[in-house]
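# I'd like to go over a predicted model; first the sequence, then the structure.
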Amino acid sequence: MKALPRLFCFSLLALALYPGHALAQRSNAADLQQQMSPEQFRAAGLDKLSPAELAALNAWLQGRVEQSISQVREQALEEGRQEVIVRHRGFLSFGSDEPIVAVLPGRFSGFAKGRQYLLDNGQVWEQTDDARLSGASGNDRQVRISPGLMGAWYLQVDGINTRAKVRRVK
């Protein structure tokens, strides 16, 4: 399946899911006489087949089309699931329990409720608890955001034991 170009796979899936397309109709979905013009049908030599041979060929083709559609649909669903997991990591607690390690570019001046932290990976996290950390500062500090229980996430600055409860806002 990987040998098929991605555009072809998605085109086939779109055709299969489009209710008005012949591939979406179970009966005669692969009937070559309906899919080809009479000239194409003759040029392929299919007019020489007996009705039983043509029916067998149509049945085989229908099975291949359904198998391809099924494989493309599953691949698209899996790719979609993986993209959702990566894109939404931190918004929800599914996907991975591994912490997010990034750098907090610029000046870090401690924790405060409501403060937003823009990370070098583009994520933005907002502090939701009352954890305070004053007097701690520095530039370009490495941070670790770890999942906790019940979907909670905690931000900890490298070298500092205090951590703040955060939620991802972007």
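It's in. Numbering: from 1, shown residues only.

# now stretch 114-129: buried residues?
Buried residues in stretch 114-129, counted by 16 or more other Cβ atoms under 10 Å: 117, 119, 123, 125, 126, 127. Placement of C-beta: from N, CA and C, glycine included.

# please apply the same query to stretch 102-115.
Neighbour-count burial for stretch 102-115, counted by 16+ other Cβ under 10 Å, picks out 102, 104, 108, 110, 111.

# pLDDT added to those, as TSV?
Output for the buried residues of stretch 102-115, formatted as TSV (pLDDT from 0 to 100):
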residue	pLDDT
102	93
104	91
108	84
110	84
111	87
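
# would a markdown table of those residues with distance to residue 60 and secondary structure be doable?
Output for these, formatted as a markdown table (distance: Cβ to Cβ, whole Å; DSSP: H, G, I helix; E, B strand; the rest coil):
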| residue | distance to residue 60 | secondary structure |
| --- | --- | --- |
| 102 | 53 | strand |
| 104 | 60 | strand |
| 108 | 66 | strand |
| 110 | 70 | coil |
| 111 | 66 | strand |
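
# ok, which pair from the residues you listed is furthest apart?
Maximum pairwise distance in the buried residues of stretch 102-115, criterion Cβ to Cβ, is 18.0 Å, between 102 and 110.
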